[in-house]
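A.B. asks: I need the structure of the sequence given here:
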Amino acid sequence: MIVKFLDEEISYEGSQLNGLFDYQKLKVNDDSLIAFIGAADVKEGLIDEEDRLNQDFIKAKLMLHFIMTIRGNKLRESRLWQLHLIQIAYNILISLCFMPIYFKKFGDDIFVIKENIKRKLSVSIATLAGNEKEVVHFGINILDEGAPIPTYSLQKLNIDPKEFGMKILNEFKNFYEEDVQKSLYKVRGV
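C.D. replies: Numbers count the residues shown, from 1 in each chain. Reported below is the predicted structural model:
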């Protein structure tokens, strides 16, 4: 698995879920997890049909984004990759945050519960790209400005986005290579 934190700022608007983002940015044709920082503004490129029908949108002034690309063609597997990535981020958040904050996962979203108000910290979607790839977007607010709903941010948690992102990249890579790929090669079929 190739992991990389891009130095360039990229605004996420949904087109990055094309299954070729890793090739376009790194010229690699392997499973990958790429992180970058940038705004989010998704209206036309919504993948979630429920959100589209409700005329919802995603907007944030600054987020830490992850785009995962895995060779495969199963939506269920894409969803499982997504949920594991979010679990890794959730565990790292808890380990880094020394504030009296209550984190809660609801499906594929992470929230901060403060003053009895759910404030959204992340957004995510898993889908298939037309080129036999499973793709995931996971975004975490760096700032809590520009969103249409109550949000929380890494800034308010005093968490450095680059450090946090690198921890997620490295932990996911270890999970992928040691817990998934390595075990596939040592198990005999019956």
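A.B. asks: which residues of the chain score low on pLDDT?
C.D. replies: Applying pLDDT under 70 to the chain picks out residues 45-57.
A.B. asks: What about the closest residue to K4 other than its chain neighbours, how many residues nearby?
C.D. replies: Leaving aside its chain neighbours, K4 sits nearest to I34 (5.2 Å; criterion: C-beta to C-beta, 6 or more residues apart in numbering). (Each C-beta comes from the backbone N, C-alpha and C, glycine too.) Neighbourhood size, I34 [other C-beta atoms under 10 Å]: 22.
A.B. asks: got it, and the one 3 residues further on?
C.D. replies: Applying the criterion other C-beta under 10 Å, we find 19 residues in the vicinity of I37.
A.B. asks: Helices along the chain, start to end?
C.D. replies: Assigned helices in the chain, in chain order: 21-26, 49-53, 75-96, 161-174, 182-186 (criterion: DSSP state H).
A.B. asks: Turn those helices into CSV, including distance to M1 and mean neighbour count.
C.D. replies: As requested, those are exported to CSV (distance: least, C-beta to C-beta, whole Å; neighbours: other C-beta atoms under 10 Å):
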stretch, distance to M1, mean neighbour count
helix 21-26, 10, 17
helix 49-53, 29, 11
helix 75-96, 11, 17
helix 161-174, 5, 17
helix 182-186, 12, 8
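A.B. asks: Minimum distance to E115: which of these has it?
C.D. replies: Minimum separation from E115 across the helices of the chain (C-beta to C-beta) falls at helix 75-96, 19.0 Å.
A.B. asks: Residues contacting that closest one, please?
C.D. replies: 33, 66, 68, 70, 72, 103, 105, 108, 110, 121-122, 124-128, 134-136, 138, 140, 157, 159, 164, 167-168, 171-172, 175 (C-beta atoms under 8 Å, 6 or more residues apart in numbering).
A.B. asks: and the gap between the closest residue to M99 other than its chain neighbours and D30?
C.D. replies: Take M99 and drop its neighbours on the chain: the residue closest to it by C-beta to C-beta, 6+ apart is L157, 6.5 Å away. Separation of L157 from D30 (C-beta to C-beta, to the nearest Å): 33 Å.
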